[in-house]
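**Q** Predicted model and sequence below, questions to follow.
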Amino acid sequence: ISYMVGKDRIIFATKEDHETPSSAELVADDPDDPYEEQGLILPNGDINWNCPCLGGMASGPCGEQFKSAFSCFHYSTEEIKGSDCVDQFRAMQECMQKYPDLYPQEDENEEKEKSSKDLEATPMEASGAKEERGSS
């Protein structure tokens, strides 16, 4: 039996309720459990492939290529970090191009056309932009 008093809930427990063993289980947190949401890098420095921040990239059809490229970049000791990972990133890119529905690519040409159309749609901004270019 329970009822509310203001913001508090009053619960009456019977003798039988107290005699029944609890079925609740307590599980200690394991700091090395990769399934725990600990962010991208685990405490031991490894990559947490289960991090939601990766958006499933590590488990898709190009997951192995992604893991290879990302691992290379993460552990890279080159002066320009990741400069030794060009082949891995190229392989990942080639794989992703096979699955355009899963990995939509932003086409630079489409972006330029879109921005020029936006300028045409707003003549005041377009003329303002031309004046700024002329004065510099």
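**A** Perfect, thanks for sending it.
**Q** Confirm that Leu102 sits in a helix.
**A** No - according to DSSP: H, G, I helix; E, B strand; the rest coil, Leu102 belongs to no helix; its state is coil.
**Q** residues near Pro100, how many?
**A** Neighbour count for Pro100, taken as other C-beta atoms under 10 Å: 9. Backbone N, C-alpha and C define where each C-beta goes, glycine included.
**Q** Kindly report the same for Glu94.
**A** A count of nearby residues for Glu94, using other C-beta under 10 Å, gives 11.
**Q** So what does it look like in phi/psi?
**A** Dihedral pair for Glu94: phi -60, psi -40, per degrees, to the nearest 10.
**Q** Relative to Gln105, how far out is it?
**A** Per C-beta to C-beta, to the nearest Å, Glu94 is found 12 Å from Gln105.
**Q** And Asn48, by the same measure?
**A** 26 Å.
**Q** if you count what's nearby, which of those two comes out ahead?
**A** Taking neighbours as other C-beta under 10 Å, Asn48 and Gln105 compare with Asn48 leading, 20 against 10.
**Q** got the contact list for the nearest residue to Cys53 once chain neighbours are set aside?
**A** Spatial nearest neighbour of Cys53, chain neighbours left out: Leu40 (5.6 Å); criterion: C-beta to C-beta, 6 or more residues apart in numbering. Leu40 is in contact with Ile47, Asn48, Cys51, Cys53, Leu54, counting by C-beta atoms under 8 Å, 6 or more residues apart in numbering.
**Q** Go again with 7 Å.
**A** By C-beta atoms under 7 Å, 6 or more residues apart in numbering, the contact set of Leu40 is Ile47, Asn48, Cys51, Cys53.
**Q** quick one: contacts for Glu106?
**A** Here Glu106 is in contact with no residues (criterion: C-beta under 7 Å, 6+ apart).
**Q** returning to what we had before: okay, the residue nearest to Cys53: pLDDT?
**A** pLDDT for Leu40: 91.
**Q** ok, now Ile1?
**A** Reported pLDDT for Ile1: 58.
**Q** And Asn50, how close does it get to Gly56?
**A** 10 Å.
**Q** So the two - more neighbours on which side?
**A** The residue with more neighbours, out of Asn50 and Gly56, is Asn50; 16 against 11, by other C-beta under 10 Å.
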